[in-house]
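In: build me a model from this:
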Amino acid sequence: MKNILVVVRSISFGIGVGGMEKAANQHIYEMYEKGYKIHLIAPGNKVKGNIPSFINFIDVRWPYWDKYKILMTMGLAYYQWCKHVANKIKIMEDDIDIIHFHGASAGTLSFLKKNLLDNKATVVNPHGMEEFGSGSILRLANRLFTRSLLRKSHLADFVIATDTILIKNVEDNLKIPPEKIYVVPNTIDIQQLKKKAKKRNETKGLCIVSVGRMEHNKGYDLLAAALGKLKSKNKIDAHFSWDHYGNGKMKDKIIEYSNKNNIPLKVHMGASDEEVQSAIANSSIFVQPSRYEGSSLTTLEAMTHGALIVAMPVGGIPDKIFDKNTGFLCKSVTVPELEKSLSEALNNMPHNEIRDNAEKYVLENFDIAVSTRKYDELYKSIITSKDCR
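Out: Numbering: from 1, shown residues only. A predicted model of the protein is given here:
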């Protein structure tokens with residue numbers, strides 16, 4: 001039995017809507033089902049839900065002084081946390097064969113000695129790389145720190161691209177040579193997701209649903225503006241609703257804008273996965289309005305439930321949403337294009353062809369069995385090439 005150590009800044013077991021948190025959770029279950037012994041390093045106060053008993057959990061605490069978001073100390077705290085993680089790995093190195101880093105925890109690699117790296121299989125999944133997108137100038141220092149940490153990915157044996165379309169992004173952002181990039185799609189356990197969703201028999205009118213962190217890169221302010229324009233032009237049902245699942249720094253600003261423009265927004269924080277999946281399954285239209293995105297697990301979840309999807313052409317989304325085939329893909333990341341695609345989706349609501357296409361496509365290409373097999377093959381090939389124990 002091979003031992004795999006998963007390193008991640010935050011993770012969710014059954015609750016939460018963050019893409020990386022859910023992907024790390026699923027990755028652990030995939031490898032456990034394949035017979036790997038699982039070790040997990042994460043800050044205990046950033047673990048949501050109950051840690052499964054089969055995991056050997058190592059709590060590396062987040063720096064206590066990173067408490068006040070207004071001080072913008074998260075980037076420096078991430079750097080310090082990676083140093084502490086490296087110290088813990090040095091102590092337990094004899095008990096692990098593979099180290100898999102999620103997100104900017106890749107910075108830990110720079111604090112590990114060469115002989116350790118030479119004798120372990122190391123893999124980084126950088127996820128969305130939002131640090132390389134646009135954002136508030138106030139958070140520039142944080143982005144510079146996390147960019148620096150992510151660029152330590154070059155020290156790993158392989159770096160994951162979650163979609164073929166993202167290979168160039170990984171090359172450019174992380175300065176990774178193409179021969180070190182391995183494509184493993186972010187996948188979902190389709191059968192489990194379907195079980196979590198409780199579909200309503202009755203209709204509750206036009207319901208727009210979105211899921212994710214309310215941050216600048218996620219673009220929910222763009223969605224608010226587009227809905228406001230549709231409403232002012234009487235192109236949307238006057239009694240529609242917008243349910244958003246997730247929290248974030250832009251929450252108050254978006255709520256304020258919605259109130260001023262009579263947009264019926266309801267923000268749900270701390271919802272269970274069952275509540276989120278049920279909301280997606282019962283939505284009239286699911287919207288992914290990101291300015292910058294990775295693979296987008298929430299898009300895959302929406303496809304699983306046969307939702308009618310409107311999405312921006314960013315990250316790995318164009319590998320999944322084909323305009324007027326599996327959903328409606330905006331031509332550019334702008335409010336007018338989002339308004340146009342939403343209008344097209346509203347006109348398409350009585351029909352099922354696009355919903356059915358989306359559900360079929362995700363089943364054939366993004367079920368969990370695909371990533372499980374590819375990760376297992378990758379780990380075994382690295383271990384064999386390094387002649388690890």
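In: quick one: the helices in the stretch 251-389 of the chain?
Out: Remark: helices assigned in the stretch 251-389 of the chain by DSSP state H, counting those that start in this stretch are 251-260, 273-281, 297-304, 335-348, 353-365, 368-386.
In: which positions in the last one come out as buried?
Out: Yep, that's helix 368-386 we're talking about. Within helix 368-386, the residues scored as buried using 16 or more other Cβ atoms under 10 Å are Ile368, Ser371, Thr372, Lys374, Tyr375, Asp376, Leu378, Tyr379, Ile382, Ile383, Lys386. Every residue, glycine included, has its C-beta placed from N, CA and C.
In: what separates that helix from the chain centre, distance-wise?
Out: Computed by Cα atoms, centre = their mean, to the nearest Å, the chain-centroid distance of helix 368-386 equals 21 Å.
In: what angle sits between that helix and helix 353-365?
Out: 30 degrees (axes from the mean of the first three to the mean of the last three Cα atoms, to 10 degrees).
In: for the buried residues of helix 368-386, give me a markdown table that also has pLDDT and distance to Ser10.
Out: Formatted as a markdown table, the buried residues of helix 368-386 follow (pLDDT from 0 to 100; distance: Cβ to Cβ, whole Å):
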| residue | pLDDT | distance to Ser10 |
| --- | --- | --- |
| Ile368 | 89 | 21 |
| Ser371 | 91 | 20 |
| Thr372 | 93 | 23 |
| Lys374 | 94 | 24 |
| Tyr375 | 95 | 21 |
| Asp376 | 95 | 25 |
| Leu378 | 96 | 24 |
| Tyr379 | 96 | 23 |
| Ile382 | 96 | 26 |
| Ile383 | 93 | 28 |
| Lys386 | 85 | 30 |
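In: from these, pick the one nearest Leu265.
Out: Using Cβ to Cβ, Ile368 comes nearest to Leu265 of those, at 32.9 Å.
In: look up how far Phe101 lies from the closest one.
Out: Going from Ile368 to Phe101 by Cβ to Cβ, to the nearest Å gives 21 Å.
In: burial check on the closest residue in space to Lys340 that isn't next to it in sequence, number of neighbours?
Out: Nearest-residue entry for Lys340: Cys330, 7.5 Å, with adjacent residues in sequence omitted and distances by Cβ to Cβ, 6 or more residues apart in numbering. Residues within reach of Cys330, counting by other Cβ atoms under 10 Å, total 26.
In: ok, Cys330 - contacts?
Out: When contacts are counted by Cβ atoms under 8 Å, 6 or more residues apart in numbering, Cys330 touches Val310, Ala311, Met312, Pro313, Glu337, Leu338, Lys340, Ser341.
In: redo those as TSV? Include distance to Ile208, neighbour count and pLDDT.
Out: Output for the contacts of Cys330, formatted as TSV (distance: Cβ to Cβ, whole Å; neighbours: other Cβ atoms under 10 Å; pLDDT from 0 to 100):
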residue	distance to Ile208	neighbour count	pLDDT
Val310	9	28	98
Ala311	13	28	98
Met312	15	29	97
Pro313	19	17	96
Glu337	17	17	98
Leu338	12	27	98
Lys340	16	17	98
Ser341	13	26	98
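In: need the residues you listed in JSON lines (columns: distance to Asn201).
Out: Below are the contacts of Cys330 laid out as JSON lines (distance: Cβ to Cβ, whole Å):
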{"residue": "Val310", "distance to Asn201": "25"}
{"residue": "Ala311", "distance to Asn201": "28"}
{"residue": "Met312", "distance to Asn201": "32"}
{"residue": "Pro313", "distance to Asn201": "35"}
{"residue": "Glu337", "distance to Asn201": "35"}
{"residue": "Leu338", "distance to Asn201": "31"}
{"residue": "Lys340", "distance to Asn201": "33"}
{"residue": "Ser341", "distance to Asn201": "29"}
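In: how does the chain divide into domains?
Out: What automatic domain parsing lists as the domains of the chain is 3-187+367-386, 191-365.
In: can you flag the weakest of those domains by average pLDDT?
Out: In terms of average pLDDT, domain 3-187+367-386 trails the rest of these, at a mean of 89.
In: picking up where we left off before, Pro289 versus the residue nearest to Lys340, what's the distance?
Out: 8 Å.
In: neighbours of the residue lying closest to Glu130 once chain neighbours are set aside, how many?
Out: Spatially, and ignoring its direct neighbours in sequence, Glu130 is nearest to Asn217 (4.8 Å; Cβ to Cβ, 6+ apart). Neighbour count of Asn217, defined by other Cβ under 10 Å: 19.
In: with Ile51 instead?
Out: Neighbours of Ile51 using other Cβ under 10 Å come to 17.
In: where does the residue nearest to it when sequence neighbours are not counted fall, secondary structure wise?
Out: In space, and not counting its chain neighbours, Ile51 is closest to Phe57: 5.1 Å by Cβ to Cβ, 6+ apart. Secondary structure from DSSP states H and E places Phe57 in strand 55-59.
In: now for the helix or strand just after that strand, which elements pack on it?
Out: Helices and strands here follow DSSP H and E; after strand 55-59, the next one along the chain is helix 74-92. Packing contacts for helix 74-92, counted by 3 or more Cβ pairs under 8 Å, 6 or more residues apart in numbering; DSSP states H and E, involve strand 3-7, strand 37-42, helix 140-150.
In: which elements pack onto the last one?
Out: Using 3+ Cβ pairs under 8 Å, 6+ apart as the contact criterion, the neighbours of helix 140-150 among helices and strands are helix 74-92, helix 167-174.
In: between the first one and strand 3-7, how big is the angle?
Out: Angle, helix 74-92 to strand 3-7, by the same axes, to 10 degrees: 160 degrees.
In: helix 74-92: how far from the chain's middle?
Out: Distance of helix 74-92 from its chain centroid, counting by Cα atoms, centre = their mean, is 22 Å.
In: got the angle for it vs helix 140-150?
Out: Helix 74-92 runs at 30 degrees relative to helix 140-150, counting by the same axes, to 10 degrees.
In: what sits up against helix 74-92?
Out: Here helix 74-92 has contacts from 5, 7, 9, 39, 41, 43, 58, 60-63, 65-66, 96, 99, 104-105, 107-108, 110-113, 116, 141-146, 148-149, using Cβ under 8 Å, 6+ apart.
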